[in-house]
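**Student:** Structure for the following, please:
(one chain, ligands or ions: 1)
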Amino acid sequence: MSQMTIEFNARLESIPYYPAADAYGDGRELVLLASNETPFTPAPAVREAIVARIGSLNRYPDPEKSELRARIAARCGVDASMVTVGNGSCEILLAAAQALLEPGAEVVFAWPSFSVYPQLAALTGAREVRVSLDREQRHDLAAIAREVTAATRLVLVCNPNNPTGTALPVAAIDAFVAEVPRHVCVIVDEAYVEFSTLQDPDESIDLVRRHPNVVLLRTFSKVYGLCGLRCGYAIGPESFRVACEKVRQPFTVNALAQAAATVAIDLQEEVERRVEQTAVERLHVVEELRARGLPVADSEANFCWVGLGGRDDRLVCDELARQGVIVRAGSALGGPGHLRVTFGTRDENERFLDALDAALAAVPAADA
Ligand SMILES: *Cc1c(COP(=O)(O)O)cnc(C)c1O
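**Tutor:** The predicted model follows:
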């Protein structure tokens, strides 16, 4: 009996588990460019809202998230019944999978794309269909449309795409959705939409008004800089929100997250400043990388996807970590031979570029 171990659900075997990246550092502070966080710390008004809620933490949070949903609805020009709030937008993705998928059903998404998408199929026993990105590392919407069948329940479009940073204009997504049968839920994951120069963030909200099967997914984790609190939201049909509520635990979005996000959603001038500063860094880092002869996909996000000229991305990542710079290896994201690098402050970006020069010199190209 002593040899017995816990027996888990067979579906778990198809879900990869990545331990957190090792960080070595060289005595200096680490440069954290692996998780697409922003370097901007919470605004004073957001801190005040969090502090003000601490005294009543003996009470459960609002299960309806009424105030936050009302603020988001007002900001986005939709009815509050169309707003779902989650413990991070990842929670909404997982809830959507539980609500939409089951054995025999299919989910279609581009690849490489967000690392959580394959989990949605694995957790529910649905069949996943991955569709390669095009030559510019963008979603190939025509190819995705061809994979939609009578069994398809969910299509995921990540715009801008993580990990490549590439984006499509709203008109292209609109035309795509018009071709997809209405029983198929199309989730447009817009975690980075504020950073895109191809559209105003408000522009894509029209997709929800025009198509009853579209859900936009957004988050307070990226430009709003609140990933430590976990809060995201979706805009879509009320039936989607009710379905998500049914499969989640009660009181799922904590009180501090609700309080902070309720204030953060109205700090649009701060968002614009962050977007501008990120765009300046994006231009700088991408130009520097291309000047080194490395291919970089056109980024509309706060990170970029860079090819390493045949080098092993894990070795380059280890070399960078040794110098205290943490980025994500492409192999873990479906793109061996690449790095995904978040844009930080100018200082952090310079440290990354210096460390990269050393790492490129230390790791030989495969064909060299
Ligand atoms: C970061 C990210 C999210 C947001 O996740 P949260 O759970 O809201 O922190 C969602 N989708 C994509 C593609 C992301 O990169």
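
**Student:** Residue of this structure closest to the ligand, please.
**Tutor:** Nearest to the ligand, among the residues of the chain, is Gly88, at 2.6 Å (C-beta to the nearest ligand atom). From N, CA and C alone the C-beta is placed, and that goes for glycine too.

**Student:** quick one: the residue nearest to Tyr18 when sequence neighbours are not counted and Leu339, what's the gap?
**Tutor:** Spatially, and ignoring its direct neighbours in sequence, Tyr18 is nearest to Ala332 (5.6 Å; C-beta to C-beta, 6 or more residues apart in numbering). To Leu339, Ala332 is 11 Å away according to C-beta to C-beta, to the nearest Å.

**Student:** so what's Ile265 up against?
**Tutor:** Applying C-beta atoms under 8 Å, 6 or more residues apart in numbering to Ile265 gives the contacts Leu68, Arg71, Ile72, Arg75, Phe220, Tyr224.

**Student:** okay, the residues you listed in a markdown table with distance to Val285 next?
**Tutor:** A markdown table is the format used below for those (distance: C-beta to C-beta, whole Å):
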| residue | distance to Val285 |
| --- | --- |
| Leu68 | 34 |
| Arg71 | 34 |
| Ile72 | 32 |
| Arg75 | 30 |
| Phe220 | 24 |
| Tyr224 | 22 |
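
**Student:** quick one: contacts for the residue of the chain closest to the ligand?
**Tutor:** Thr219, Ser221, Cys227, Arg230, Cys231, Gly232.

**Student:** Can you report phi and psi for it?
**Tutor:** The phi/psi pair for Gly88 (degrees, to the nearest 10) reads phi 80, psi 150.

**Student:** okay, it: pLDDT?
**Tutor:** For Gly88, the pLDDT comes out at 98.

**Student:** Out of the contacts of Ile265, name the ones that lie in helices.
**Tutor:** Judged by DSSP state H, the contacts of Ile265 include Leu68, Arg71, Ile72, Arg75 as members of helices.

**Student:** Mind jotting down where the helices sit in the protein?
**Tutor:** Going by DSSP H, the chain shows helices at 44-54, 66-76, 89-100, 117-124, 141-146, 170-179, 205-210, 238-247, 255-264, 268-291, 313-322, 346-362.

**Student:** can you list these in a markdown table and add mean neighbour count and distance to Ser132?
**Tutor:** As requested, those are arranged in a markdown table below (neighbours: other C-beta atoms under 10 Å; distance: least, C-beta to C-beta, whole Å):
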| stretch | mean neighbour count | distance to Ser132 |
| --- | --- | --- |
| helix 44-54 | 15 | 40 |
| helix 66-76 | 18 | 33 |
| helix 89-100 | 23 | 21 |
| helix 117-124 | 21 | 14 |
| helix 141-146 | 16 | 7 |
| helix 170-179 | 16 | 16 |
| helix 205-210 | 16 | 24 |
| helix 238-247 | 16 | 28 |
| helix 255-264 | 23 | 36 |
| helix 268-291 | 16 | 23 |
| helix 313-322 | 20 | 19 |
| helix 346-362 | 17 | 27 |
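
**Student:** for those, which one sits closest to Ile6?
**Tutor:** Minimum separation from Ile6 across those (C-beta to C-beta) falls at helix 117-124, 18.1 Å.

**Student:** Ala99 and Ile205, how far apart?
**Tutor:** Applying C-beta to C-beta to Ala99 and Ile205 gives a distance of 22 Å.

**Student:** let me fix that: Ser89
**Tutor:** 16 Å.
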